[in-house]
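A.B. asks: coordinates only, sequence not included:
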């Protein structure tokens, strides 16, 4: 049983699939790629039993067969080889694999492909379609705000709400919250589900720039299909918190400021903030914004001032600088608008001029109690 393929083409596909392999697999075979050849097409699959990726590539082959190939040694070999045709020969009796390149031969121990876990197939699913660019925007704008707290599993993923032609994605870790919506969805479905962060990060790296994505889902899994790639992930089975309840409605105080100026100022000022709280204080008046921080333990202190426009009563409010910088780096507009009600309630961050009129984004950040 043998097949031939371009080393660089194979490496490209393997790097996409390798993201699904876990760091501490529960079964030894999960450290492998499944190679399945049918009709001169090689399908490469990898899974950690929660998230699975499969991708396809044309090869020169006479037989149809499957074999499990150790992932790390294969990836390391291909990375070390310059581009060239390589041939895989598989021994049916012991699943030994021999790779032949123009430099020589490399032998590794494979396993029976029949022992590889089955990857879920779309069954009783509902389906919608979306352009990859809008899905990529949704992931980039939300996945950073997910929580790492395993005790609150719902918050470790992104909440997807599908309503006819509208997709709303929400992520929160209880300190910050992002709500992203786009109307570029084709389908006639109304439902919601929570997609794990790992699957979204893998998608982010694999999605093409401007292509159609088919998103199917049932009670247990979500299936993303585009080009020759299929990603399947088990959905988080938990109830998502009522995020609308934490978004303040009445926000009479409104500041508009240059996004990059504020982001750079916060990065500098944060150097002088307390390393535990990362607290920076925004002191806002009708014409200027003063950003300051101090670390009393080390007598460190910094203050900067910049222009802004502000409607409302002068106020002082403190935030975790790390969260604000993270949010500002995701927003794409030149200017941002921050809305506040009181120093003890969440601040709302939105772009002033949204490049795409067909998407909406709202970010919320909880304040830190002022030291003084």
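C.D. replies: It's in. The structure presented is a predicted model; accordingly, all values stated were derived computationally and were not measured.
A.B. asks: Just want to check the distance between residue 352 and residue 100.
C.D. replies: For residue 352, the distance to residue 100 equals 60 Å [C-beta to C-beta, to the nearest Å]. Yep, even glycine has a C-beta here, placed from its N, CA and C like the rest.
A.B. asks: can you check residue 11 too?
C.D. replies: Here residue 11 is placed at a distance of 16 Å from residue 100 (C-beta to C-beta).
A.B. asks: Residue 251 now?
C.D. replies: 67 Å.
A.B. asks: Please apply the same query to residue 178.
C.D. replies: As judged by C-beta to C-beta, residue 178 and residue 100 stand 50 Å apart.
A.B. asks: what about the two, which has more around it?
C.D. replies: Neighbour tally, residue 178 and residue 100, criterion other C-beta atoms under 10 Å: the higher count belongs to residue 178, 25 against 15.
A.B. asks: thought the more buried one was touching residue 158?
C.D. replies: No. Using C-beta atoms under 8 Å as the test, residue 178 is too far from residue 158 to be in contact (9.0 Å).
A.B. asks: so what's in contact with the two at the same time?
C.D. replies: Residues touching both residue 178 and residue 158 by C-beta atoms under 8 Å, 6 or more residues apart in numbering: 142, 170-171.
A.B. asks: from those, which ones fall inside helices?
C.D. replies: Among the shared contacts of residue 178 and residue 158, the residues falling in helices (DSSP state H) are residue 142.
A.B. asks: Weed out the non-buried ones from the shared contacts of residue 178 and residue 158.
C.D. replies: Buried subset of the shared contacts of residue 178 and residue 158 (neighbour count, 16 or more other C-beta atoms under 10 Å): 142, 170-171.
A.B. asks: Dump the residues you listed into CSV; add pLDDT and distance to residue 237 as well.
C.D. replies: Output for these, formatted as CSV (pLDDT from 0 to 100; distance: C-beta to C-beta, whole Å):
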residue, pLDDT, distance to residue 237
142, 96, 20
170, 97, 17
171, 97, 18
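A.B. asks: List just the nearest of these to residue 25.
C.D. replies: residue 171 (27.5 Å; C-beta to C-beta).
A.B. asks: ok, what's across the strand from the closest one?
C.D. replies: For residue 171, the beta-bridge partners under DSSP bridges are residue 178.
A.B. asks: coming back round to it: present the buried ones among the shared contacts of residue 178 and residue 158 as JSON lines; the columns should include distance to residue 132.
C.D. replies: Formatted as JSON lines, these follow (distance: C-beta to C-beta, whole Å):
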{"residue": "142", "distance to residue 132": "16"}
{"residue": "170", "distance to residue 132": "20"}
{"residue": "171", "distance to residue 132": "19"}
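A.B. asks: just those residues now: which is nearest residue 207?
C.D. replies: Nearest to residue 207 among those, with distances taken as C-beta to C-beta, is residue 142, at 14.5 Å.
A.B. asks: Surely that closest one and residue 173 touch.
C.D. replies: No. Between residue 142 and residue 173 there is no contact under C-beta under 8 Å: 11.3 Å.
A.B. asks: Not counting its own residues, what contacts stretch 305-319?
C.D. replies: Stretch 305-319 is contacted by residues 252-258, 261-262, 265, 279-291, 340, 343, 347, 365, 367-371 when judged by C-beta under 8 Å, 6+ apart.
A.B. asks: Okay, and which of those residues map to helices?
C.D. replies: Within the contacts of stretch 305-319, residues falling in helices by DSSP H are 261-262, 265.
A.B. asks: JSON lines for these, including neighbour count and distance to residue 308?
C.D. replies: Listed next are those as JSON lines, based on neighbours: other C-beta atoms under 10 Å; distance: C-beta to C-beta, whole Å:
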{"residue": "261", "neighbour count": "16", "distance to residue 308": "9"}
{"residue": "262", "neighbour count": "23", "distance to residue 308": "8"}
{"residue": "265", "neighbour count": "22", "distance to residue 308": "11"}
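A.B. asks: Residue 58: neighbouring residues, count only.
C.D. replies: 13.
A.B. asks: give me the beta-bridge partners of it?
C.D. replies: Beta-bridge partners of residue 58, as defined by DSSP bridges: residue 41.
A.B. asks: again, but for residue 254
C.D. replies: Beta-bridge pairing for residue 254 (DSSP bridges): residue 311, residue 339.
A.B. asks: ok, now residue 223?
C.D. replies: residue 216, residue 232.
A.B. asks: And for residue 318?
C.D. replies: residue 281, residue 368.
A.B. asks: how near is it to residue 332?
C.D. replies: Taking C-beta to C-beta as the measure, residue 318 falls 26 Å from residue 332.
A.B. asks: and what of residue 163?
C.D. replies: For residue 163, the distance to residue 332 equals 25 Å [C-beta to C-beta].
A.B. asks: That'll do, ta.
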